[in-house]
Structures are given as structure tokens and as C-alpha cells.
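Asker: can't give you the sequence, but here's the structure:
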């Protein structure tokens, strides 16, 4: 790649030869200067008559000398340009010099889907690479070529136009399919930019799109938790139309297998967003069927730290469908820290998406910080506002899921939030500016902020402290306290993630108490933007009772009722404890998400906490310092290899998986590809045997331009010789004198 860079800078095939030839232009200049100082002028009387005549012709003589010097320099410069094989930068100049000036831009689909291997054959990528290499070797190196990646990984190819030299062929032959997702739109956009820049530098332009014709390249799967490329087909059609406006012809080479099929694990997550040691670990697995036939009894094997931990069987998956199941691992995590869960399918033609890894950080207990604005008075038998909530979170003497820690509002300013999964305010005034800033950072880093009201809560101050707009935290505007004429109840007619278990229990005849909860007061919550906020629970008068909002990687929830018995009898009901657990399970974000990435993403670690990280190929990952706000972190480059990244002690693990949006590799027909791209069906070539037409004994890289420049240089040298003879007064004068002396 580095050897080809000078060719994109200078319009010569061998710019170093032109540089040497251009330097030789100084030779006639030096000779000219030396000739001016060869003779020493000595004045004497007889010469005065000759000098007078010479002065009358001095301008003419100078013009003749300068003209001869210019012709000599120009001849040498054209010789250098012809030998270095000049590439005309403009279409007009190329036409004058007889150069075809053809530019071929290849968008090469090298995404992980091209690693598909049909039975008994080579992979799709190897086939496309052979076609491209054969074309480069046989094209006679006429014109220039650019090769652009059709995946999210843009590196390793030739984005700048260069002559089709053997070095370009070697560059292509050394390529391997990437683990990155397909992104033909990005490749076509780079090709469009290149063609627009080269509009005046090429007479003929063409774009070749080499693709495997997979469904994922044109209509990727849509999933809520993956960066899908929505509207891909429309974007591709628009880009192809813009490319054609540059005057380029478009041709599509479909190298895919028409019978391609694939089974892929698209998702692997914890059923709950956190893992605890010595507790059953439940995972959720999604499998996609990208074949033409329904698949029965699909077995997914599970592993914990590379040790078999059970299996789950999916009874049936229809073609083009995805099935999600939950399974409990057969082994528990015994040691706190980072661990790897692996789900694996049997091997098929595309093995890279048969395995999916999940890195989890196991805890002994989930630490929760309770900020109590009404600590209570034990002597007066008055409980603190967090007493019911603290008991619900940790009802046992030991082995509780949560570990609540209660502080007063005064202690909040000096309390570190780093090791807590959630911060819960109860009847507390709005935090100051410093605490509000720390809470914002806590939520954006992946924490849960939960606010319960009380008599000490002023809605306006909370809204001013944490804001409710696009850049704020609160999911709703906190208004005034309302005391209804009669007690309200929860509205249980609409199912949601919080109350669904209790509705099912009530319908089964089991008394839970949630249907008889009485609310005598509540805080008015005004949801401004329903698209960014969710109403998880409402009162019988349709007013919001519990709302939530995603902020960064974290979650913010605001309740309209208290977590003690001053405004409601809910904490005294038997359903309060499971309700609190269900609310925490729902609200605590997935703190493991930062350790589980897709190919092409990068990770950040706190400064000083990272040892050397190596990738799945055992090559070290270069980390660099970076400031995020006031924090100093170390960040990685984009990770382009799927697998497990780790440090030497394995205390730091990062799982990188392929993008699940590309799981559907079912092959599209040529007619369908043509319709999606907006090109004639004849321009889509299925199962190509070669790219373009191979010509033998073609002209050099510079076309006819180099030959014509050499011929022009010889003509200029001949003209210089004739002019030099015509301008030579001494030779002509002597010849005339000889003729006169020979007369009788």
C-alpha cells in the first residue's frame, strides 16, 4: 500500500524516473552559463567596427540563444515524462495524447458473510478474490483502478486511484475476509466521492460492485439492540443513481451461492441484567434460521468459562424466523469477577456466527445506595422513610440479592457512587449542583436513579436540578402534591413489565394485595415526550404512577407515591417486596454491555486500571489516553476481529461478536438485486467467470501518452538542431566566403 502512494500524488507511473529526468534539464542551462564565460574579452581598435555591427543584432542573438535553450530543456523534460509514462490529469489532454484514461472503481464486499463456504467448495470471498486478481493480472495495466471495501472495515484496500501494477495484484491476493458487517452503502458513497473528484481526469469511468448477493447486504435484520442500517435498499439505489450522473457505467458481479443457508446465534444476554455468585444463572438465547427449510430440534450448547454448562433444544424454527429461549446454566459462578458465557451451534457453511460470547461481571450482591430525606425517630417509634424499602431489598439476615446502604442527604456530597448499581432517593430535597453533576455521570455510565417523593420534595426544585428536556435526566416534570377526594388504586388492566407477574397471580386466585392498594396522596407527573419516556404504572384515574427514561447507558425512574406508608398502604401489602424486586430487575441497566461489543466498536477503561490487552490472535491492542469530560481514560482502536480480548491475568475480558443484523445470508436473485439497486437486469452478472474482457499485448500503463511524448521530444531535438544550424552565423559566413573564393 505504501509503495503505491506516490503514484496517486504525481501523474506518472514511475515518478522517480521523471524526477531524475527533470533534474537533467539543468545540464543545458549549466552549459549555457559556462559558454558565456569561456572567452576573455580584449578590446582593440580593429574590433570597434565589428562591435558596432554586433550591437545592432544583440537582441536577435539573445532571442535565438534563449529559444535554443528552451527547446533543449523541453526536449529533455518530454523525454523524462515519456520514459516515466505520463498519466494525463485531464480528459482533454488525455485525448490529445491518445491516452484512454480509464478509471475502474471496484467496491468489494469483504464482510464476514463472504466467509460462507458451500459444501466441497472454496469460500465466497476466495472466489471473488480470484476473479479480481485474475482481472488485474490480465488487464494489461491500462488505466487506473481503485478498490474500496464494502464492509464497515474500510482499511487495507486501495482508496486512491493507481495504475493496475503487479503491486496492486499482490495487495488484493493477500487480502482476507473481514469480521466486520457488510456496508455497501458506505463503500458506494466513498466511490461516488472518488468519481466526482476524478471527473476531469478520466475519459471513461466505470464502477464494479462485487457482492455475495446476501439478503443482509440489502435488507439487514432489524433488532432493537443492534446498530442496523435502516433503509439500506433506498440508500443503495440513490447512490447508484448519483454514481451514474458522474458518467460512470455500473456493473454488478454476483459471486454468491444461490443455495446459501445459515443458522446463527444473534443474541446472548442475561435474563436479568446482573450476575451473582453462587446463584443460578439464567440466560436468553436467540437463534435465526437463514435457510430455505424449517429447522427442527436445534441444539444450542452452553459453556461457562469454556466448561460445558448444559444445552437447550429449540423444537422448531421456520425459515427467516428468529426464536428466543431462556435456559439456566448447569453450573454457578463461584468467584466474583469477570467470566465468559458461550453459546454454540453445530458447524455449518458460515461458522463465525455459530458461536456467541457474553462477558459478565459477577457480584456477591448488588449494592444499592438509599438517600433518606426523613431519617425518622426511633425513640418516637417513627420509622425512616427508607425503612420499608430497605427491608424489602434485604429481607434475609444474609445471602440477599441486594445490599442497601442508607445515608442522609448531607452525606451525599461526600459519598462515592462508583460501586453502586442504583441510587434511590426517598423524601429528599433536590441535590445541589455538584451532586446533580455526579448523579448525571452515574446514570450515563450505566446506573439506576430512582426517586420516591414525600412531604420534603418540591417538584420544581427537582426539575430545575436534573432537567427534563433532551439533555435532562427526569422522564417527567414533577409537579405539586395532589390529595384526591377518595383513595386511588393502581390500574392493572394494561400489562407492563412491572405488574405483569402480579396480574397473572391475581388471575390465578392468589392474593397479592396489589389490586387493593390505596393511594391517598400522590405527586403529579407530567410526561412531556412519550417517545423518550415510558409510563410503567398508572393510577385508576389514568395519571402516571411510575415513569422511566433511558439516559446514556443508565435508567431514571420517578414514582408518584412514597415508599413508606404516609401516602399509601402499599409498603404494608405482601406484594410490595416482589414489586420492589421486579422494579429493580427492570430498572438496573445491563452493566455488562460495555464488555460486550460488536466488531468495529471500541472500549474504554479507567486510566491506570488496564494492563496489556491482547486480541483473539494474541496480538497486543494499543491503548491510548483520552479525556472524557474531566476523567482520564484509556481507549482502544476499533476492534475488527471477533473473539475474546483479555489481559494476562484474565481479570479484564472483552467479548467482540459479529453484528447480528447480518445473519440472513439467503441469496437474492439477479432480478431482485437489479430492482433493489435500480440497474438493468443485464448489468447484474450472476456466477461470473471473469471480470471485464482480458486483452493481450496491450499498451503500456500510460497508454499512448508515453509514446507520443517520446516522439514529440525527438521532433523537438530535430527542430533544435536545424535552428542551431540556421542561427550559426560563423558556419554560414565561412561557407559563403568559400563560395566567393572559388569563383574564377
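Answerer: Received, thanks. This is a predicted model, so every value here is computed, not measured. Numbering: from 1, shown residues only.
Asker: a helix runs through residue 298, doesn't it?
Answerer: No. Secondary structure of residue 298 (DSSP: H, G, I helix; E, B strand; the rest coil): strand, not part of a helix.
Asker: Quick check: which element contains residue 708?
Answerer: Assessed by DSSP states H and E, residue 708 sits inside helix 705-727.
Asker: Which elements pack onto that helix?
Answerer: Secondary-structure packing of helix 705-727 (3 or more C-beta pairs under 8 Å, 6 or more residues apart in numbering; DSSP states H and E): helix 58-83. In this view, the C-beta of every residue, glycine as well, is placed from N, C-alpha and C.
Asker: and the helix it packs on, which residues are buried?
Answerer: 64, 68, 71-83 (16 or more other C-beta atoms under 10 Å).
Asker: tell me the mean pLDDT over it?
Answerer: Helix 58-83 carries an average pLDDT of 75.
Asker: Run a quick check on residue 648 versus residue 613, I expect a contact.
Answerer: No. The pair formed by residue 648 and residue 613 falls short of the contact definition of C-beta atoms under 8 Å, at 9.3 Å.
Asker: Comparing the two, which residue is more hemmed in?
Answerer: Using other C-beta atoms under 10 Å as the criterion, residue 648 and residue 613 rank with residue 613 on top: 21 against 10.
Asker: Now that one. Nearest residue, chain neighbours left out?
Answerer: Spatially, and ignoring its direct neighbours in sequence, residue 613 is nearest to residue 621 (4.4 Å; C-beta to C-beta, 6 or more residues apart in numbering).
Asker: who touches that neighbour in this structure?
Answerer: By C-beta atoms under 8 Å, 6 or more residues apart in numbering, residue 621 lies in contact with 613-615, 636-637, 639, 645.
Asker: let's go with 6 Å and repeat that
Answerer: Residues near residue 621 by C-beta atoms under 6 Å, 6 or more residues apart in numbering: 613, 615, 636.
Asker: between these, which is nearest residue 165?
Answerer: Within the contacts of residue 621, the smallest distance to residue 165 is 32.3 Å, found for residue 615 (C-beta to C-beta).
Asker: so how far is whichever helix or strand residue 216 is part of from its chain's centroid?
Answerer: Here residue 216 sits within helix 215-218, counting by DSSP H and E. Offset of helix 215-218 from its chain centre (C-alpha atoms, centre = their mean, to the nearest Å): 17 Å.
Asker: Poorly predicted segments of the stretch 251-400 of the chain, please.
Answerer: Residues of the stretch 251-400 of the chain meeting the criterion pLDDT under 70: 378-381.
Asker: how about 90 then?
Answerer: Across the stretch 251-400 of the chain, residues meeting the criterion (pLDDT under 90) sit at 375-383, 396-399.
Asker: Residue 79 versus the nearest residue to residue 81 once chain neighbours are set aside, what's the distance?
Answerer: Distances taken as C-beta to C-beta, 6+ apart place residue 709 nearest to residue 81, at 5.1 Å, with adjacent residues excluded. To residue 79, residue 709 is 8 Å away according to C-beta to C-beta, to the nearest Å.
Asker: joint contacts of the two?
Answerer: With C-beta under 6 Å, 6+ apart as the test, residue 709 and residue 79 reach no residue in common.
Asker: how much space between the residue nearest to residue 613 and residue 240?
Answerer: Distance, residue 621 to residue 240, using C-beta to C-beta: 37 Å.
Asker: try residue 297
Answerer: Per C-beta to C-beta, residue 297 is found 43 Å from residue 240.
Asker: Show me the helices in the stretch 501-650 of the chain, by range?
Answerer: Here the stretch 501-650 of the chain has its helices, by DSSP state H, counting those that start in this stretch, at 576-587.
Asker: all strands of it, in order?
Answerer: Secondary structure of the stretch 501-650 of the chain (DSSP state E, counting those that start in this stretch): strands located at 522-526, 533-538, 544-551, 554-559, 596-598, 604-606, 613-614, 620-621, 624-628, 631-635, 643-647.
Asker: Would you mind finding the most buried of those?
Answerer: The highest mean neighbour count among the strands of the stretch 501-650 of the chain, using mean count of other C-beta atoms under 10 Å, belongs to strand 554-559: a mean of 25.
Asker: Output the contacting helices and strands for that one.
Answerer: The contact analysis (3 or more C-beta pairs under 6 Å, 6 or more residues apart in numbering; DSSP states H and E) places strand 554-559 against strand 448-452, strand 544-551.
Asker: ok, residue 297 and residue 240, which is more surrounded?
Answerer: Remark: of residue 297 and residue 240, residue 240 carries more neighbours, 22 against 9, as counted by other C-beta under 10 Å.
Asker: My understanding was that the more buried one contacts residue 675; is that so?
Answerer: No. Counting by C-beta atoms under 6 Å, residue 240 stays clear of residue 675, with 11.7 Å between them.
Asker: okay, now the domains of this protein?
Answerer: Using automatic domain parsing, the domain parsing of the chain gives 2-94+703-741, 104-259+665-686, 262-362, 366-587, 596-657.
Asker: Quote the end-to-end distance of the shortest one.
Answerer: This points to domain 596-657. 8 Å (C-alpha to C-alpha, to the nearest Å).
Asker: average pLDDT for that domain?
Answerer: Averaged over domain 596-657, pLDDT sits at 87.
Asker: Check which residues of stretch 350-360 are buried.
Answerer: Residues of stretch 350-360 classed as buried by neighbour count (16+ other C-beta under 10 Å): 350, 352-360.
Asker: Closest one to residue 724 out of the residues you listed, please.
Answerer: Set against residue 724, the nearest of the buried residues of stretch 350-360 by C-beta to C-beta is residue 352 (72.6 Å).
Asker: dump the residue contacts of the residue nearest to residue 716 when sequence neighbours are not counted.
Answerer: Excluding its sequence neighbours, the residue lying closest to residue 716 (C-beta to C-beta, 6+ apart) is residue 75, at 4.3 Å. Going by C-beta under 6 Å, 6+ apart, residue 75 touches 713, 716-717.
Asker: repeat that for 8 Å
Answerer: Residue 75 sits next to 713, 716-717, 720 when contact means C-beta under 8 Å, 6+ apart.
Asker: same question, residue 62
Answerer: Listed by C-beta under 8 Å, 6+ apart, residue 62 has no contact partners.
Asker: Please report the distance of it from residue 716.
Answerer: Noted for residue 62: a distance of 21 Å to residue 716, by C-beta to C-beta.
Asker: cool, residue 415 as well?
Answerer: 86 Å.
Asker: Kindly report the same for residue 186.
Answerer: 49 Å.
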